[in-house]
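In: I would like to see how this sequence folds:
(one chain, ligands or ions: 2)
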Amino acid sequence: MSKNRKRSKRTRRWLLTRRAVLASGSAAWALTGFGFRMPTLAQEISVAAPTEFLPRVPVSFEVNGVMQDLELDPRTSLLDALRETIGLSGTKKGCDHGQCGTCTVHIDGRRVASCLTMAAQVADHKVITIEGLGDDDTIHPMQQAFIDHDALQCGYCTPGQIMAAVACVREGHTNSEAQIREYMSGNLCRCGAYPGIVAAIQDAAPKMEG
Ligand code: FES
Ligand code: FES
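Out: Ligands and ions are numbered 1, 2, ... in the order given. Next up, the predicted model:
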């Protein structure tokens, strides 16, 4: 029998034992009869504690020119703070593991994966999301170029692609198609809109510099 099968059988026995204990109210019977240890009270609490009882920490940072003073669970990612707490849902959640680039935002002008960044880490820093890229009346040249070059299909990856593309231009990594592809390789597009994305970046780069 494989190790996994053994383990799952053991787990089943544990669950059955626990149910029996709860039904009969006889913890000693399970403890001695099967040789399993019941979890301590502290262990039970650490598993079951509702998150609303966890301490909140004050965190302040600027998003798109507006200061945000928040009270957050210290484990909150910047991505969740932006989407769930502040209500800026333009930044998308893809993998939530730093692998797709969909959640790209700028912190002090540098591109970051907001799913891998704790909100508490950006205290006193400046965050720009896709909503803050253009100004009130005009969209950013990179946004216009994405439209002009049909650089999207479903559009889910697009906010992250545009934020990464703007950073790519500012970093000076647009000297060739190969270089653009290299420096945009952290942003995945499941629809395969890469030719349009590269064309959009080549189009927007001189307009951003000018
Ligand atoms: S959602 Fe952040 S990298 Fe995929
Ligand atoms: S446009 Fe659909 S994932 Fe990129």
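
In: what segments of this structure are strands?
Out: 57-63, 66-72, 104-107, 110-113, 126-128 (DSSP state E).

In: per-domain residue ranges of this structure.
Out: Per the record, the chain has its domains at 3-33, 56-132, 135-210, by automatic domain parsing.

In: now these in CSV, with mean pLDDT?
Out: Shown next, in CSV, are the domains of the chain (pLDDT from 0 to 100):
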stretch, mean pLDDT
domain 3-33, 42
domain 56-132, 97
domain 135-210, 96
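
In: identify whichever of these lies nearest to ligand 1.
Out: For ligand 1, the closest of the domains of the chain is domain 56-132, at 3.2 Å, according to Cβ to the nearest ligand atom. All C-beta atoms are positioned from the backbone trio N, CA, C, and that covers glycine.

In: the closest one: end-to-end distance?
Out: End-to-end distance for domain 56-132, by Cα to Cα, to the nearest Å: 27 Å.

In: roughly how far is that domain from the heart of the chain?
Out: 9 Å (Cα atoms, centre = their mean, to the nearest Å).

In: do that domain and ligand 2 meet?
Out: No: using Cβ under 6 Å from any ligand atom, domain 56-132 stays clear of ligand 2, with a minimum separation of 8.0 Å.

In: near ligand 1, which residues of the protein are found?
Out: So the chain meets ligand 1 at 93-96, 98-103, 113, 115 (Cβ under 6 Å from any ligand atom).

In: let's see 8 Å
Out: 79, 92-104, 113-116, 160, 186 (Cβ under 8 Å from any ligand atom).
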